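Q: what would the 3D arrangement of this be:
(one chain, ligands or ions: 1)
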Amino acid sequence: MSEVVSYSRKGQVGIISVNYPPVNALGQAVRSGLLEAVKQGQADDEAEALLLVCEGRTFIAGADIREFSKPRQEPSLPDVIEAFENSTKPIIVALHGTALGGGLELAMGCHYRVALPSAKVGLPEVKLGLLPGAGGTQRLPRLCGAQKALEMITSGDFLSASEALEHGIVDAVTESSDIAAEGLAYAEQAITKGWPVRRVRDLEGKLETGRDSDVFEQFRTTLQQRARNLFSPFKCVDAVEAAFQLPFEEGLKRERELFLACMESPQRAGLVHAFFSERDVAKVPDLPTDTPVRDIQRVGIIGAGTMGGGIAMNFANVGIPVCLLEAQQEALDRGIAMIRQNYENSARKGRLTTTQVEERMALIEPTLSYSALADVDLVIEAVFEDMAIKKQIFSRLDEVCKPGAILASNTSTLSIDEIASTTRRPEDVVGMHFFSPANVMKLLENVRGEKTSDEVKATVMAIAKRIKKVGVLVGNCYGFVGNRMLHRRGAEAIQLVNDGATPQQVDKVLTDFGFPMGQFAMSDLAGIDVGYRIRQERRKAGEEVPPTWMDKLAEQGRFGQKTQAGTYRYKEGSRKPIPDPEVEALIRQFREEQGITARAIDDQEILERCLYVMINEGAKILEEGIATRALDIDITWIYGYGFPAYRGGPMFWADQQGLEQILDGIRRFHAQPGGEQWRPAPLLERLVAEGKRFAEL
Ligand code: T1G
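A: Just a heads-up that it's a prediction; the model follows:
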């Protein structure tokens, strides 16, 4: 008998129960156990109907994704589902938790579906670069019709139990939360009422509406906007369309062909890598999993500007009281008003109720006095990027805050060690770098200083999860991981324009690659004055920072979107970047002053120079131990800067391209005049020499 799937009987109901933590994924053992159990149920003369349930937190949440990179093993999921569907006895399935992917496909191979009120169902395969490959594209439209099936399968969104009931995907929603008892009662009802074996494959009614309509063409057109670079959403449409064009068995064959095409695509590899990396990034090597975590009941935030206000919202959103400190009443009032405005915008969009807005606002206590921070468990400083100001604040916090309070800075580039040095508790000082807008962007770069204790590291990583961020623990250096690589890409993008490209050409290469914004559109959003101030600070500190045409933009007050002119021009109230002939003239003049002769630059060179410089910097970051694993860098870029998840992140993409090709490119650029910044990272050279990949580090 299988250890993960059991068969038993209660009265006249044969019960098949799956118990394979954490999510009852359909690994090989589960599939063979299910096949064995359903055969047992057929052979059990006492059983008039069968019930499929799962133990633990959820019904089957899909195929076992960890098996994707292994050779396929029998029995296949379609074979298991066929055995259930062709049962001579009605099979009832009881759903709880999240019945997803292959789990929902198996449920649709049963004859009646009942769900707990809290249950959710979905076919999220598209989020892994796949499509439902076990009959989901053929059975779902037979239950809910073409439009809803297309929406569910191409978005991967989950439906609540009541929505599933409304769309005919489940037959009933239970009253209580006892899934086994409710499932059993439903199965007994099936027996007493003599419900027949009702195979979804035989339901043709919902197919009539889709046969002649152009719903599929319309859907392909909408996908062009929201999924332009993606592969599998379009294959999802093809598979669902087959349900309306072919007999069921042919439709299954067509689905299988399309599924295998998705399995082979590099996008599936990238998305599966991103899925597991988002979870593995929280498992920090050399930070013991049993490290104690401090209890964070109340948080202080210093600075009620865009960042401080956004950070405060993250905590209020999950019910953690916040004390928001500013130096001036006017700034404090502005900050509170901005937070309220953000919440009211969400309420207008139906994402929050007005009660929730007031509850969250009530959790944010404005103050002008440091003494209000005396009993907070964590303080996050979010003021100007000015080391002198930060040092003053941290020495003040060291005086005011209770022992054991964690003192964090939201700095995006400055040294955590230098900030910690102004306190008597460097072990309690850490960086918590949020990304703007802080209440939206999912990445939280937690920066460990030399002296930051394991307990503080573990606490800020736990806080990341609690406020629904993806936390990455990184080391302390200029720009940490994300901005250090971004600054390299920014410098290269500026150099590309010096050499002859236009800003819009560079940005288009990056958006065609899959970034949501190009380099120059992004700096217009962040504010050209921000980068200019950082370059001026570094020049003041004696660093050799060459002049750039962007300095001239800043000196002309062209700061970007906030001044409706930066690298691009912006119409009143619009964020759409418009190339500006004035800027192109300024760039031409800058080239003349610098004695640069412009040349035509092709898109491939732009892509290589922007990406390879990041990968080279990423290799140095790994070598210095600033990032522990390549996946830390991948997740930082996917969640902090919109690196397309279907490409897996910069280091995964580099592995896929082949490190030898990357290194050749870097050496080519290094050999050119002025190519000093292209010196190959020794780690990259070593990996190529050894025939290894970043993923093997
Ligand atoms: N396979 C293997 N492991 C999985 C898994 C899966 N499908 N889903 C989750 N895990 C692991 C996860 O890695 C983590 O492990 C632990 O379970 C808890 O997950 C044929 C081919 C179910 C909503 O895409 O969306 O079916 O880190 O931290 O936040 O057509 O997991 O503890 O070691 O995410 O409560 C389709 C993916 C597969 C669902 C729970 N199914 N999973 O979220 O916990 S393809 C999916 C999720 C397929 C068929 C096709 C979420 C969740 P560890 P967690 P959670």
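
Q: end-to-end on stretch 172-179?
A: When the termini of stretch 172-179 are compared using Cα to Cα, to the nearest Å, they are 12 Å apart.

Q: do the same with stretch 516-536
A: Where stretch 516-536 starts and where it finishes are 29 Å apart, if you go by Cα to Cα.

Q: again, but for stretch 506-520
A: Using Cα to Cα, the end-to-end distance of stretch 506-520 comes to 8 Å.

Q: who touches residue 183 in this structure?
A: Taking Cβ atoms under 8 Å, 6 or more residues apart in numbering as the contact definition, residue 183 lies against 51, 53, 92, 93, 94, 114. (C-beta placed from N, C-alpha, C; glycine too.)

Q: residues of the helix or strand where residue 269 lies that come out buried?
A: In this structure, residue 269 is located in helix 266-280 according to DSSP states H and E. Along helix 266-280, these residues count as buried under the neighbour rule (16 or more other Cβ atoms under 10 Å): 266, 267, 268, 269, 270, 271, 272, 273, 274, 275, 277, 278.

Q: hmm, that helix in reach of the ligand?
A: Yes. Where contact is defined by Cβ under 6 Å from any ligand atom, part of helix 266-280 touches the ligand, namely residue 279.

Q: helices or strands up against that helix?
A: helix 630-641, helix 650-657 (3 or more Cβ pairs under 8 Å, 6 or more residues apart in numbering; DSSP states H and E).

Q: pipe those into JSON lines and attach mean pLDDT per row.
A: Written out in JSON lines, the entries for the helices and strands packed on helix 266-280 read as follows (pLDDT from 0 to 100):
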{"stretch": "helix 630-641", "mean pLDDT": "97"}
{"stretch": "helix 650-657", "mean pLDDT": "97"}
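
Q: can you read off the pLDDT for the residue in the stretch 251-400 of the chain that the ligand sits nearest to?
A: Nearest residue of the stretch 251-400 of the chain to the ligand (Cβ to the nearest ligand atom) works out as residue 279 at 4.0 Å. According to the per-residue confidence, residue 279 scores 94 in pLDDT.

Q: thinking again about what came up before, I'd like the buried residues of helix 266-280 as a markdown table, with distance to residue 83 appended.
A: Supplementary listing: these in a markdown table, determined by distance: Cβ to Cβ, whole Å:
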| residue | distance to residue 83 |
| --- | --- |
| 266 | 34 |
| 267 | 32 |
| 268 | 27 |
| 269 | 31 |
| 270 | 34 |
| 271 | 30 |
| 272 | 28 |
| 273 | 33 |
| 274 | 34 |
| 275 | 29 |
| 277 | 35 |
| 278 | 35 |
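
Q: in the stretch 201-350 of the chain, which spans are helices?
A: Listed in chain order, the helices of the stretch 201-350 of the chain (DSSP state H, counting those that start in this stretch) span 208-211, 215-226, 232-245, 248-264, 266-280, 306-317, 329-348.

Q: now do the longest one: distance to the chain's middle.
A: Using Cα atoms, centre = their mean, to the nearest Å, the mean C-alpha position of helix 329-348 is found 27 Å from that of the whole chain.

Q: please identify the buried residues of it?
A: Within helix 329-348, the residues that qualify as buried by neighbour count (16+ other Cβ under 10 Å) are 332, 335, 336, 338, 339, 340, 342, 343, 346, 347.

Q: and what of the shortest one?
A: Neighbour-count burial for helix 208-211 flags residue 210 (criterion: 16+ other Cβ under 10 Å).

Q: state the mean pLDDT of it.
A: Summarised as a single mean, pLDDT over helix 208-211 is 75.

Q: for that helix, packing partners?
A: Short answer (3+ Cβ pairs under 8 Å, 6+ apart): helix 208-211 packs on helix 146-155, helix 232-245.

Q: which SSE is immediately downstream of the shortest one?
A: Scanning forward in sequence from helix 146-155 by DSSP H and E, the next helix or strand is strand 158-160.

Q: which neighbouring elements make contact with that following strand?
A: Packed against strand 158-160, as judged by 3+ Cβ pairs under 8 Å, 6+ apart, are the following elements: strand 120-122.

Q: tell me the two of the buried residues of helix 329-348 that are most distant?
A: Between any two of the buried residues of helix 329-348, the greatest separation by Cβ to Cβ is 22.7 Å, found for 332 and 347.

Q: what helix or strand does the residue in the stretch 451-600 of the chain that the ligand sits nearest to sit in?
A: Closest approach between the stretch 451-600 of the chain and the ligand, counting by Cβ to the nearest ligand atom: residue 465, at 9.5 Å. Element membership for residue 465 (DSSP H and E) is helix 454-466.

Q: and the helix or strand just after that helix, average pLDDT?
A: Remark: after helix 454-466, the chain's next helix or strand is strand 470-474, criterion DSSP H and E. Average pLDDT, strand 470-474: 97.

Q: for stretch 92-106, same thing?
A: Mean predicted lDDT for stretch 92-106 stands at 98.

Q: and stretch 183-196, by the same measure?
A: Model confidence over stretch 183-196 averages 96 on the pLDDT scale.

Q: show me what counts as buried in that stretch.
A: 183, 184, 185, 186, 187, 188, 190, 191, 195.

Q: out of these, which are close to the ligand?
A: Applying Cβ under 6 Å from any ligand atom to the buried residues of stretch 183-196, one finds that nothing falls near the ligand.
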